[in-house]
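>>> Task: produce atomic coordinates for the following.
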Amino acid sequence: MIAFHTGIQALRNFKVKALNKKISSVIPDIELVSSEYIHFIESEEGLNTSNKATLDKLLNYAPKANLSNSN
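Just a heads-up that it's a prediction; the model follows:
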């Protein structure tokens, strides 16, 4: 079984703003709105509620990604 965990902010807001500035100088219509880590979990058996809760605790180590256009 393969599962994934998303939502953790990969880049701080100041870095996203700097990248947006660079991107828009080359391609004005494109903007990086946000970034997030994606963790892939492979297990031989399905994850039970306890395993999922443990993984959530381990993989929530940073602020959640802001998926809005307000960066």
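
>>> who touches the nearest residue to Ser35 once chain neighbours are set aside in this structure?
Nearest residue to Ser35 in three dimensions, chain neighbours excluded: Ala10, at 4.0 Å (C-beta to C-beta, 6 or more residues apart in numbering). C-beta: built from backbone N, CA, C; applies to glycine. Ala10 makes contact with 35-37, 65 under the criterion C-beta atoms under 8 Å, 6 or more residues apart in numbering.

>>> Would you list the phi and psi of Ala10?
With angles defined as degrees, to the nearest 10, Ala10 sits at phi -90, psi -30.

>>> Kindly report the same for Ile23.
The phi/psi pair for Ile23 (degrees, to the nearest 10) is phi -60, psi -50.

>>> All further residue positions should be reported with the first residue as 14.
Okay, using 14 as the starting number, the last item reads as Ile36.

>>> so the residue nearest the centre of the chain bridges to which residues?
Most central in the chain under C-alpha atoms, centre = their mean is Glu49, positioned 1.7 Å from the mean C-alpha point. Applying DSSP bridges to Glu49 gives these bridge partners: Gln22.

>>> hang on, isn't it packed against Ile21?
Yes: using C-beta atoms under 8 Å, Glu49 makes contact with Ile21 at a distance of 6.0 Å.

>>> Identify, from the contacts of Ala23, the entry nearest to Leu72.
Tyr50 (8.3 Å; C-beta to C-beta).

>>> Just give the nearest non-adjacent residue to that closest one, would you?
Leaving aside its sequence neighbours, Tyr50 sits nearest to Ile21 (C-beta to C-beta, 6+ apart; 4.5 Å).

>>> Next one: the one you found from Ser37, what distance?
25 Å (C-beta to C-beta, to the nearest Å).

>>> what about the two, which has more around it?
Using other C-beta atoms under 10 Å as the criterion, Ile21 and Ser37 rank with Ile21 on top: 17 against 13.

>>> And the pLDDT at the more buried one?
Looking at Ile21, its pLDDT is 84.

>>> contacting residues for it?
49-50, 52, 72-78.
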